[in-house]
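Visitor: Make a model of this:
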Amino acid sequence: MNPFAYVRVTAVDEAIKAYANTPNSRFIGGGTNLLDLMKMGVETPSQLIDITRLPLTEITATANGVRIGALVSNTDAANHQLIRTRYPLLSQAILSGASQQLRNMATMGGNLLQRTRCSYFYDPTYAECNKRNPGSGCAARLGINRTHAILGASQHCIATHPSDMCVALAALETSVQVSGPRGNRTLPFHDFHRLPGATPEIDNNLHPGELIIALDLPASTAAKNSHYLKVRDRNSYAFALVSAAALVDLESDGTVRLVKLAWGGIAHKPWRANLAETLLTGHQLERSRIERAAEQELKNAHVTVQNAFKIKLAQRTMVRALMTAARKDTLG
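Guide: Have a look, this model is predicted:
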């Protein structure tokens, strides 16, 4: 691990100023991902800015939904009454990720900033990684890539985003509140993370020195009628091969009034299934229709010999997640 300076701040403006004074800084809350990357030599900040004393630890009801402070722990968010009752999808997704010890430390804002879990990215002995060394190539394309992306990837990177929580946040159409040198702004969740394109080293659309302040969950008629399903190689402590978040609001006759869908484990960012949503809205929610909608969403998938199974797995995962959410709707 490289030498670095450490500073503790107690106000948002102080944190932003500290970053401006030392641009090669990183904000640190729980540090559950950042410290791993520093130990491996992937991240080499010259300064860590400890933001754990900032007043960003509240979950509050708002006129338009619920606001979650960026420093709320994953555990506290998952178990909070407002989240469990109004947004059970988010609670399910958080509890599907990592271990209890990690959830106790990890923060809601930090979860958004997790970097991809590609083994070639995490191991600096592999020089060929465009995310770590731009322009060096992508070792995963011809290497071990069973867990890698099938949608939205590029010749420069085929890694996947690791978060379970972010898949739920994508389906819930969350807004991310940030503060930085240019002031405060709101990022819609679908604009927060980036697909790799030719610049896979850029994970998100935050400006340099910007700090996540809060997550805003909008009120939704479908939020309670939801389900998160994670498919993985073992029942715990494993990243998703494929996951699906589904929310649905049905008419009394079973016609889909509103549906929101997102996949995890198949792209560089949580994948919002907009086409599938359009194909399902206004129709009876039948298994065969969901299968066809998922198939259309996946029609542009690019696979390797090792991860081709993800197409059928993603389709089946969406079907099961949405049918489960629909049964909850039927039960009221």
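
Visitor: just so I have it, where are all the helices in the stretch 51-200 of the chain?
Guide: 74-79, 81-86, 88-96, 100-105, 108-112, 119-122, 165-171 (DSSP state H, counting those that start in this stretch).

Visitor: Figure out which of the ones you listed is closest to Pro196.
Guide: Each of the helices of the stretch 51-200 of the chain has some distance to Pro196 by CB to CB; the shortest is helix 119-122, at 11.4 Å. Glycine gets a C-beta too; all of them are placed from N, C-alpha and C.

Visitor: In CSV: the helices of the stretch 51-200 of the chain, plus mean pLDDT.
Guide: Shown next, in CSV, are the helices of the stretch 51-200 of the chain (pLDDT from 0 to 100):
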stretch, mean pLDDT
helix 74-79, 98
helix 81-86, 97
helix 88-96, 98
helix 100-105, 96
helix 108-112, 98
helix 119-122, 97
helix 165-171, 98
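
Visitor: could the ones you listed be laid out in TSV, adding mean neighbour count and distance to Ser243?
Guide: Listed next are those as TSV, based on neighbours: other CB atoms under 10 Å; distance: least, CB to CB, whole Å:
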stretch	mean neighbour count	distance to Ser243
helix 74-79	21	16
helix 81-86	15	18
helix 88-96	24	7
helix 100-105	14	16
helix 108-112	25	14
helix 119-122	21	20
helix 165-171	29	6
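
Visitor: I'd like these as CSV, with distance to Ser236 appended.
Guide: Formatted as CSV, the helices of the stretch 51-200 of the chain follow (distance: least, CB to CB, whole Å):
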stretch, distance to Ser236
helix 74-79, 15
helix 81-86, 21
helix 88-96, 9
helix 100-105, 10
helix 108-112, 18
helix 119-122, 20
helix 165-171, 16
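
Visitor: from the middle of its chain, how far away would stretch 298-307 be?
Guide: Counting by CA atoms, centre = their mean, to the nearest Å, stretch 298-307 is centred 21 Å from the centre of its parent chain.

Visitor: what sits up against that stretch?
Guide: Under the criterion CB atoms under 8 Å, 6 or more residues apart in numbering, residues 141, 144-148, 150-151, 153, 158, 266, 310-311, 314-315 lie in contact with stretch 298-307.

Visitor: So which bits of that stretch are buried?
Guide: Within stretch 298-307, the residues that count as buried by 16 or more other CB atoms under 10 Å are 298, 301, 303-304, 307.

Visitor: Show me the two of the residues you listed that sit farthest apart.
Guide: Taking CB to CB, no two of the buried residues of stretch 298-307 sit farther apart than Leu298 and Thr304, at 15.0 Å.

Visitor: check contacts around the residue nearest the centre of the chain.
Guide: Centroid-nearest residue in the chain, with CA atoms, centre = their mean: Cys166, separated by 2.5 Å. By CB under 8 Å, 6+ apart, the contact set of Cys166 is 111-112, 189, 193, 264, 269-270.

Visitor: The same query, at a cut-off of 7 Å, please.
Guide: 111-112, 270 (CB atoms under 7 Å, 6 or more residues apart in numbering).

Visitor: try Met318
Guide: 244, 261, 263, 290, 294.

Visitor: Ok, Val248 next?
Guide: Here Val248 is in contact with 222, 225, 256, 259, 285, 322, 325-326, 329 (CB under 7 Å, 6+ apart).

Visitor: if we go to 10 Å?
Guide: Applying CB atoms under 10 Å, 6 or more residues apart in numbering to Val248 gives the contacts 221-222, 225-227, 256-261, 277, 280-281, 285, 321-329.

Visitor: ok, now His161?
Guide: Residues in contact with His161, defined by CB under 10 Å, 6+ apart, are 112, 114-117, 149, 167, 170, 193, 203, 239-240, 264-271.
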